[in-house]
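Q: predicted model follows, preceded by the sequence.
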Amino acid sequence: MTSALALSSPVRYIKGVGPKRAALLSRLGVNRVDDLLFLIPRRYEDRRHLTPLRSTMAGGFATVLARVVGVERKRAQKGNLEIVTALITDGNSFAKAIWFNRKGIEKLLKPGCSVAFYGKVEVRYGWLQIANPEFEILEGEASPEEMGKIVPVYPSTEGLNQRWLRRKVREVLEQFLPSIEDPLPQSLLAKRNLLPLREALSGIHYPESEDHWRKSRTRLAYDELFLLQLGLAMRRKRYERDHKAPRLLWSGSLQRTFLKNLPFSLTSAQERVLGEIGSDVEKDVPMNRLLQGDVGSGKTLIAIASMLSAVDSGYQAALMAPTEVLARQHYIRVKETLGRMGIRCALLTSGFSQPEREARLKGIASGEVDVVIGTHALIQEDVTFFKLGLVVIDEQHRFGVLQRQTLTSKGLHPHVLVMTATPIPRTLAISVYGDLSVSVLDEFPPGRKDVTTRWVRRKELAKLYDFIRTEAMAGRQIYWVCPVIEESESQNVTSVLERYENLKETFADLRVGLMHGQLKSGDKDEVYEDFVGGKLDILVSTSVIEVGIDVPNATTMVIEDAHRFGLSQLHQLRGRVGRGSHKSYCFLLGEPSTPEGVERLKVLCATQSGFDIAESDLRLRGPGEICGTRQHGITDFRVADLLRDASLLEMAREDANELISLDPNLEEFPSLKAKLLASLGEGLSLALTG
Ligand code: ADP
Ligand code: MG
């Protein structure tokens with residue numbers, strides 16, 4: 001078997017790996033032989049110099065090479081704690097290694113055997129002691145892989161020991177390394193001073209020095225980032241080659257009139273972003289732009305001005321919102337402004353009767369309607385446009401790319417502007433939305449006030465009630481958000497129905513409303529309109545009010561069991577207040593049971609900046625979770641880290657764009673192309689041909 005072994009063979013064909021070990025390896029993500037080459041050590045042990053026990057630093061982590069003198073197992077007087085203690089020596093001094101409740105350790109550690117221990121070294125009762133160390137029994141002193149080197153420690157799983165893993169990786173390295181081809185162009189290695197792939201692979205497993213390791217890691221991280229950027233650049237290039245959008249007129253008369261009549265002047269960020277959009281839509285390359293701007297930064301105006309450019313040019317525009325309530329809200333506002341200018345707007349949601357709907361569809365198809373507003377379902381349905389020139393997707397915080405694919409599959413190639421109020425760290429935006437251009441509204445219109453944010457515990461509920469009463473008496477309105485609708489969904493959480501009953505009772509003199517996703521669409525509108533119209537003091541709701549709802553008179557947001565919401569969701573919810581002239585407050589009610597939960601609440605209390613919050617979110621949750629791209633696997637890097645490798649990512653992006661503009665189809669780099677298609681062809685839906 002071994003003779004026919006290839007890098008692409010399943011690992012079970014490696015000598016000594018049967019189905020059982022293959023299954024264990026698969027848990028580490030190792031399925032093929034070459035996966036072993038990319039099994040990245042989780043740490044290293046420097047066994048080049050033996051640290052004498054005497055000079056290990058108490059309080060620090062250390063690798064200690066020592067011989068076992070004796071092992072003793074005993075049961076603590078209280079409870080069922082079982083303690084195994086090994087007396088160890090390096091020939092000069094003695095120390096104790098100690099484990100709690102770890103069965104069978106005494107059977108492994110025989111007096112006389114040499115062992116590498118890794119753990120925190122402390123001084124206890126006058127002894128040097130390592131508690132619960134990782135350890136590895138060394139095969140005599142002459143084992144070449146394990147001594148006198150910097151030795152890799154791999155991610156482990158029960159049933160696979162380090163020594164075995166090390167030996168298998170080493171065998172694969174020895175057999176295959178000489179034949180590994182470097183897919184990167186030589187010029188790129190030279191330009192970025194990158195190690196050749198072979199050296200990097202050997203260095204990630206057996207670095208000769210810290211510097212060697214750093215260079216090896218950089219090379220492997222670069223590869224991952226570069227491949228993704230290459231894929232994104234290729235996809236964008238193909239799209240632009242195959243699809244033409246209409247050239248639109250910017251600063252036409254409708255747009256100018258609209259901007260001139262605004263009751264305020266534009267922020268300089270708005271001016272800049274409008275300029276960026278303008279130079280896109282004047283070209284026949286379909287715009288694909290992501291507009292990031294925190295809640296309240298003034299995105300709506302950008303959307304309207306952009307749509308007017310389409311109308312000025314004789315085309316239609318569409319605005320899509322994530323919920324029906326929001327679509328209606330947009331419609332009411334847009335119609336008020338645009339209707340006066342003689343522009344014909346239509347709302348298309350599921351709330352209409354069949355004849356009403358058909359009348360609208362007809363208007364859209366015939367071109368009688370200039371601006372269509374609806375939910376994201378708008379483009380999935382049976383809507384035919386007369387001449388669609390521009391689409392705005394509002395509050396889309398997931399993968400705008402997919403939306404464009406839907407448009408394309410219907411034969412439409414309008415300019416697309418995706419707006420999000422969920423700031424995305426730049427590194428993540430580049431990775432996931434790398435084929436979108438990004439605009440940022442990083443400035444607020446004047447007069448915005450901070451929202452005072454406090455974390456409150458359940459025992460402070462009475463005080464919170466007092467506060468709410470005071471606000472309501474002053475004529476202000478309050479949101480109270482709960483994570484679930486009904487109690488049965490989860491224990492230990494207050495449901496929205498329960499809280500609604502409770503608040504109605506507590507505030508018998510106030511008007512309390514209820515909103516959640518399971519209400520009928522008409523009922524939702526009614527509750528919402530009551531709240532907008534000031535007919536309700538308190539609105540108890542699930543997170544359906546997360547996006548876009550704008551009631552300037554609402555000053556207080558209570559988020560119950562706040563730790564159950566994600567960071568960006570909390571930020572969005574808080575963004576519902578602080579929209580008017582009154583001082584606003586956000587109360588995070590909750591008793592988080594995990595450190596991460598605590599961290600989220602602290603982050604929110606500490607900052608109002610969506611970008612800071614996004615950075616923390618990336619740190620706490622990782623990229624796949626945030627962008628919902630997990631299933632695409634495109635940010636599942638083995639080595640690269642979007643927090644740490646930001647500048648490497650910028651380089652990789654620049655290099656990828658350069659290469660693709662010279663050689664859009666990678667004709668001259670077949671092995672690079674093959675690698676790209678193998679790793680990302682599916683995730684990025686890059687077809688094999690074309
Ligand atoms: P978002 O980015 O959250 O969608 P909006 O577009 O709803 O923000 O704008 C928030 C509020 O700020 C609106 O009431 C809007 O009229 C106002 N606004 C937008 N731009 C400006 C500006 N340049 N100066 C003053 N107010 C502005
Ligand atoms: Mg908005």
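A: Here it is on my side, so go on. Ligands and ions are numbered 1, 2, ... in the order given.
Q: next, Ala116: secondary structure please.
A: Using DSSP: H, G, I helix; E, B strand; the rest coil, the secondary structure recorded for Ala116 is strand.
Q: what is the burial count for the nearest residue to it once chain neighbours are set aside?
A: Distances taken as CB to CB, 6 or more residues apart in numbering put Glu136 closest to Ala116, at 4.8 Å, once the chain neighbours are dropped. Quick note: C-beta positions are derived from backbone N, CA and C, even for glycine. Around Glu136 there are 21 other residues, counting by other CB atoms under 10 Å.
Q: show me what contacts Glu136?
A: Under the criterion of CB atoms under 8 Å, 6 or more residues apart in numbering, the neighbours of Glu136 are 115-116, 146, 161-163.
Q: now do Asn161
A: Each residue near Asn161 by CB under 8 Å, 6+ apart is listed here: Glu136.
Q: same check on Leu497?
A: By CB under 8 Å, 6+ apart, the contact list for Leu497 reads 485-487, 514.
Q: for those, which one is nearest ligand 1?
A: Nearest to ligand 1 among the contacts of Leu497 is Leu514, at 25.1 Å by CB to the nearest ligand atom.
Q: for the residue nearest to Ala116, helix, strand, or coil?
A: Secondary structure for Glu136, judged by three-state DSSP, is strand.
Q: same question for Lys168.
A: With three-state DSSP as the criterion, Lys168 was assigned helix.
Q: I figured it hits Leu39, correct?
A: No - between Lys168 and Leu39 there is no contact under CB atoms under 8 Å: 9.2 Å.
Q: and the next helix or strand past the worst-scoring helix or strand of the chain on mean pLDDT?
A: In the chain, no helix or strand scores lower on mean pLDDT, DSSP states H and E than helix 623-627, which sits at a mean of 62. Note on helix 623-627: by DSSP states H and E, the next helix or strand toward the C-terminus is helix 646-662.
Q: other SSEs contacting that next one?
A: Helices and strands touching helix 646-662, by 3 or more CB pairs under 8 Å, 6 or more residues apart in numbering; DSSP states H and E, are helix 186-192, helix 210-242, helix 426-432.
Q: pick the most buried one from the ones you listed.
A: Ranked by mean neighbour count, the helices and strands packed on helix 646-662 are led by helix 426-432 with a mean of 23 (mean count of other CB atoms under 10 Å).
Q: return the set of buried residues in the helix or strand just after that helix.
A: Counting by DSSP H and E, the next helix or strand C-terminal to helix 426-432 is strand 437-441. Judged by neighbour count (16 or more other CB atoms under 10 Å), strand 437-441 contains these buried residues: 438-441.
Q: local confidence estimate at the closest residue to ligand 1 within the stretch 401-550 of the chain?
A: Closest contact between the stretch 401-550 of the chain and ligand 1, by CB to the nearest ligand atom, is at Pro445 (3.2 Å). We have a pLDDT of 88 for Pro445.
Q: and if you look at the one 10 residues further on?
A: The model reports Trp455 with a pLDDT of 96.
Q: any idea which helix or strand carries the closest residue to Tyr433 other than its chain neighbours?
A: In space, not counting the residues next to it along the chain, Tyr433 is nearest to Leu290; the distance is 5.4 Å by CB to CB, 6+ apart. In this structure, Leu290 sits in strand 288-293 according to DSSP H and E.
Q: pull the distance from that strand to the chain's centre.
A: Remark: strand 288-293 is offset 17 Å from the chain centroid, using CA atoms, centre = their mean, to the nearest Å.
Q: report the buried residues of the longest strand belonging to the chain.
A: Secondary structure of the chain per DSSP state E: the longest strand is strand 61-75. For strand 61-75, the neighbour count (16+ other CB under 10 Å) marks 62-66, 68, 71 as buried.
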